[in-house]
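1. sequence? don't have it. structure:
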């Protein structure tokens, strides 16, 4: 088969698997798991073949006009360059691992058939975004992912947290999608086409009339989809869904789509220096804020959620300095180790006999209970911390190196201010990342919480997947050597200055956090678990912050108080209570948007009920009253009728005489 045919089959197979799974889920449940796993695995194999044939060289393009529009044409188009080929392989790999993992994780879930079908549809939509050469076709995949996330995040719809999280994810991302759609049409109007190659050609020739406006409109959609400040608040709450869904959303779909979109259309953003600086500021705030918030979370999945936000900030920062090679390199590296982190967290949660328990302060010596999760999560956390030779070191160093080149004037791909903003924020975030990663490892695997009941060994389908993902988490970073052509020929070799700075700051974060943990552990050993209020490091808002920050129930039927040996409280001090609730950004949005909308809705409801309905009721009441009066006159007495007739005749005669006399 040709490369084009193979590329068409890559998104088509998961879509067909999703359709078949929905149709046969009730009538033939035995086919559900094969229909979930096999099409996605086959798509992965085909994506690898497409990548091999594409080879990172000349892009593969094909198009056919969908329908005559009379103006800007819409085409079914493919555009597969090195970035698209590699990202499609990542999507196929993570989706296959998630589907295999889910067969064990959700083996007793009655809604597994619909879950598996939605995961396949999610995968198909992301692959459509990756391979699409037309912006409208890309938008279709973009929006399908949005509705899939709504259903998957709300999988446990019986719980109020899941219902609220699914609605929040949908509405916040739609808030960004509105200006995004306007930006797409404005871009196509200037370029005269939705084809990505033609749009880029127009940019190269200086044909964009409003580059800054278009870039900022598109950036709003990217901020929503890729959870960047200020539209990032939906992602931590999305942890209410099943853990494999979190792995899929955070590693290879949904949030990766926004970064990938900018990488595809980076020249559009580079046409406006103002847009590049705005992007750099957005990335910087995202990196620093998410790092502080992650350091204060108790729920292990919320820590990883804020970690995802911060790592996406690194990718956005790389794009803000004009280096899409570094951005995609970190996207691929992050996709492997973040999927591993979430799936390992799922093993920890599953070992406790529930699909939602994730409070780190309630965990105790899990390294002996779940050795597979312990070792593989250690590898993933080292990659996240960017310790050499793990993959995160090479990809994060590529970002910092690109920022340093722009900041020092060695390249003019972006304004120098953007380079300095990204470089400083990236180095600060390196310390914070190391701190919260170390804290997670210590609390999860060496904590002194309450030991949960042992629910036995985890299914093989869950543990094998962890070791599969551990390989790229350890070794993918070395891809900068044999695969330079896949990244625009970008030399991804680590730069000495930023390598030393980044690694040194990461080690500082590890050492300081470990020291804080030893200190808090020594103090906590003097008091029983549960006496948090008496702990000298406990701040006044601790209990409230814990209640808000953690959505996980206690072990069994007993509510346990968190272990006070938490280095995050000591490191953050009075900032802890604010970081635990995301710096009150949800409260700000509630005051600025939610409450005014609710007040407006209440006013409309009042006007509808008390004003409009009053007129409607009045319009019906008047004929009813007249009818009642006429009905009362119908007595059925013949003498009454004759008397009324005579009286009426007399009245008419008198009236006629008066008229005649007057005449």
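-> Right, received. Where do you want to start? Everything numeric here is computed off the predicted structure, so don't read it as measured data. Numbering: from 1, shown residues only.

2. Residues in contact with stretch 244-255: which ones?
-> Under the contact criterion CB atoms under 8 Å, 6 or more residues apart in numbering, stretch 244-255 has outside partners 90-91, 93-95, 97-98, 101-102, 105-106, 119, 122-123, 125-126, 145, 149, 152-153, 155, 225-227, 235, 238-239, 301, 304-305, 308, 312, 334-336, 338-339, 342-343, 346. Glycine gets a C-beta too; all of them are placed from N, C-alpha and C.

3. What ranges does the stretch 1-150 of the chain have for its strands?
-> 60-67, 74-80 (DSSP state E, counting those that start in this stretch).

4. in the longest one, what's buried?
-> Okay, so that is strand 60-67. The neighbour-count check on strand 60-67 (16 or more other CB atoms under 10 Å) flags 60, 62, 63 as buried.

5. and that strand, what does it pack onto?
-> When contacts are defined as 3 or more CB pairs under 8 Å, 6 or more residues apart in numbering; DSSP states H and E, strand 60-67 sits against helix 3-24, strand 74-80.

6. would you list those in JSON lines and tack on mean pLDDT?
-> Formatted as JSON lines, these follow (pLDDT from 0 to 100):
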{"stretch": "helix 3-24", "mean pLDDT": "93"}
{"stretch": "strand 74-80", "mean pLDDT": "90"}
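
7. so which of these gets nearest residue 464?
-> helix 3-24 (21.2 Å; CB to CB).

8. Just after the helix or strand of the chain with the lowest mean pLDDT, pick out the following helix or strand.
-> Here the helix or strand of the chain ranked lowest by mean pLDDT, DSSP states H and E is helix 542-549, holding a mean of 37. Note on helix 542-549: by DSSP states H and E, the next helix or strand toward the C-terminus is helix 567-572.

9. Next SSE downstream of that next one?
-> Next along from helix 567-572, by DSSP H and E: helix 576-580.

10. Starting from that next one, tell me the next helix or strand along the chain.
-> Next element after helix 576-580 (DSSP H and E): helix 585-589.

11. And that following helix, what's buried?
-> Neighbour count says helix 585-589 has 586, 589 buried, by 16+ other CB under 10 Å.

12. Need the contact partners of that helix.
-> Outside helix 585-589, the residues that touch it by CB under 8 Å, 6+ apart are 230, 233, 581.

13. Go again with 7 Å.
-> residue 233 (CB atoms under 7 Å, 6 or more residues apart in numbering).

14. Quick one: mean pLDDT over it.
-> Mean per-residue pLDDT for helix 585-589: 90.

15. Following element in sequence after that helix, please.
-> Trace forward from helix 585-589 with DSSP H and E and the next one is helix 595-607.

16. roughly how far is that following helix from the heart of the chain?
-> Relative to its chain's centre, helix 595-607 lies at 30 Å (CA atoms, centre = their mean, to the nearest Å).

17. Now that helix: average pLDDT?
-> Helix 595-607 comes out with an average pLDDT of 89.

18. List the buried residues of that helix.
-> Buried residues in helix 595-607 (16+ other CB under 10 Å): none.

19. C-terminal to it, what's the next element?
-> helix 613-633.

20. how close does residue 55 get to residue 233?
-> Residue 55 sits at a distance of 41 Å from residue 233 (criterion: CB to CB, to the nearest Å).

21. got the buried residues of strand 60-67 as CSV, with pLDDT and distance to residue 391 columns?
-> CSV is the format used below for the buried residues of strand 60-67 (pLDDT from 0 to 100; distance: CB to CB, whole Å):
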residue, pLDDT, distance to residue 391
60, 88, 27
62, 89, 33
63, 87, 35
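
22. So which of those is the closest to residue 460?
-> In terms of CB to CB, no member of the buried residues of strand 60-67 lies closer to residue 460 than residue 60, at 38.2 Å.

23. so where's this structure uncertain?
-> For the chain, residues meeting the criterion pLDDT under 70 lie at 352-358, 449-456, 479-485, 524-564, 633, 663.

24. The same query, at a cut-off of 50, please.
-> 356-357, 529-561 (pLDDT under 50).

25. which residue of it sits farthest from its center?
-> Residue distances from the centre of the chain (CA atoms, centre = their mean) peak at residue 661, which lies 92.0 Å from the mean C-alpha position.

26. Just the element for it, please.
-> Judged by DSSP H and E, residue 661 forms part of helix 638-662.

27. quick check, residue 209 in a helix?
-> No - using DSSP: H, G, I helix; E, B strand; the rest coil, the assignment for residue 209 is coil, not a helix.

28. what residues are up against it?
-> Taking CB under 7 Å, 6+ apart as the test, what residue 209 contacts is residue 190.

29. all helices of the stretch 51-200 of the chain, in order?
-> 82-105, 112-131, 135-153, 160-191, 196-204 (DSSP state H, counting those that start in this stretch).

30. nope, the stretch 201-350 of the chain is what I was after
-> Taking DSSP H, counting those that start in this stretch as the criterion, the stretch 201-350 of the chain carries its helices at 211-225, 234-237, 243-251, 255-264, 266-270, 273-294, 300-320, 324-351.

31. can those go into a markdown table with extra columns for distance to residue 418 and mean neighbour count?
-> Formatted as a markdown table, these follow (distance: least, CB to CB, whole Å; neighbours: other CB atoms under 10 Å):
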| stretch | distance to residue 418 | mean neighbour count |
| --- | --- | --- |
| helix 211-225 | 13 | 23 |
| helix 234-237 | 24 | 26 |
| helix 243-251 | 26 | 29 |
| helix 255-264 | 14 | 26 |
| helix 266-270 | 11 | 21 |
| helix 273-294 | 4 | 23 |
| helix 300-320 | 5 | 29 |
| helix 324-351 | 13 | 28 |
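
32. so which of those helices comes closest to residue 42?
-> Closest approach to residue 42 among the helices of the stretch 201-350 of the chain (CB to CB): helix 243-251, 17.8 Å.

33. one step back: of residue 55 and residue 233, give the one with the bigger neighbour count.
-> In this view residue 55 and residue 233 are compared by other CB atoms under 10 Å, and residue 233 has more residues nearby, 18 against 12.

34. Just list the residues touching the more buried one, thanks.
-> Each residue near residue 233 by CB under 7 Å, 6+ apart is listed here: 172, 582, 585, 586, 589.

35. check contacts around residue 419.
-> Applying CB under 7 Å, 6+ apart to residue 419 gives the contacts 321, 403, 406, 407.
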